[in-house]
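Novice: Starting from these lines, generate the structure:
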Amino acid sequence: MVSHESARFFALAGVFFERPADVEACSAGIEELRVRRGWPNLLFHFKDNNGVQRVSFLESVARFNFTYVVSVLEKRRLGEEWRNKDYFYRHACEKLVSCLEERMRAAYAQTGSKGRALIARTTDPVYIRAMKEALAGPKTQHGQSLVKKSRTGRMESSNMLQLADMVCGAVLRSHNHGDRAFRRLVERREDRLLVWP
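Specialist: This next block holds a predicted model:
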């Protein structure tokens, strides 16, 4: 789970893998891309990467088995209650998780295993708490959370957080500027784009 923020928008992205083996394959593919392109220490971060790096990354990951959702909150349309940070993050995180819930339920029904979530570490404990609480919300029929464990991680050490950042950046660029070039490369993996309120 990652977030992007500007004066006009707040976006959250979640990448969903049904099986741990799919996570491992995608992460290995990202490492192979670094080796193949001679970028051994490159951090894939949409706003900091150039066009060649963005295209190479998105083309490379599109072949792997994952889906993603992006939730874009248009700040200019928000009421006064949204100025409260707890309210803002709680509702934004709950909306993203609601977009993922159907897939979480389907994966649990198929495998009987609960999911794990990785959240990009930030310096804002209110956001981290809100995301962890939102992820704990969806329950099994026995009242247990569908997410076994949620933890924070550093973008620099997680290919999966970099994946979430890159798809979020591609979708947000498409939404903000009408430039679909990057989004088109990975769009077949898109489960949902939610623009609200």
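
Novice: And the helix or strand bottoming out on mean pLDDT in the chain, how far out from the chain middle?
Specialist: Ranking every helix and strand in the chain by mean pLDDT, DSSP states H and E puts strand 2-5 at the bottom, with a mean of 74. The chain centre lies 9 Å from the centre of strand 2-5; the measure is CA atoms, centre = their mean, to the nearest Å.

Novice: Which of the residues in it are classified as buried?
Specialist: 2-4 (16 or more other CB atoms under 10 Å). Quick note: C-beta positions are derived from backbone N, CA and C, even for glycine.

Novice: Assign a three-state SS to the nearest residue to F9 once chain neighbours are set aside, would you?
Specialist: Nearest residue to F9 in three dimensions, chain neighbours excluded: V72, at 5.5 Å (CB to CB, 6 or more residues apart in numbering). Here V72 is recorded as strand under DSSP: H, G, I helix; E, B strand; the rest coil.

Novice: in the host helix or strand of A109, what's buried?
Specialist: According to DSSP states H and E, A109 maps onto helix 85-111. By 16+ other CB under 10 Å, the buried positions in helix 85-111 come out as 88-100, 103-104, 107-108.

Novice: Output the contacting helices and strands for the following helix or strand past that helix.
Specialist: The helix or strand immediately downstream of helix 85-111 is strand 115-120, counting by DSSP H and E. On a contact count with 3 or more CB pairs under 8 Å, 6 or more residues apart in numbering; DSSP states H and E, strand 115-120 meets helix 85-111, helix 125-135, strand 147-153, helix 159-177.

Novice: Looking at those, which is nearest to R8?
Specialist: helix 159-177 (7.5 Å; CB to CB).

Novice: Following element in sequence after that closest one, please.
Specialist: Counting by DSSP H and E, the element after helix 159-177 in chain order, helix or strand, is helix 181-186.
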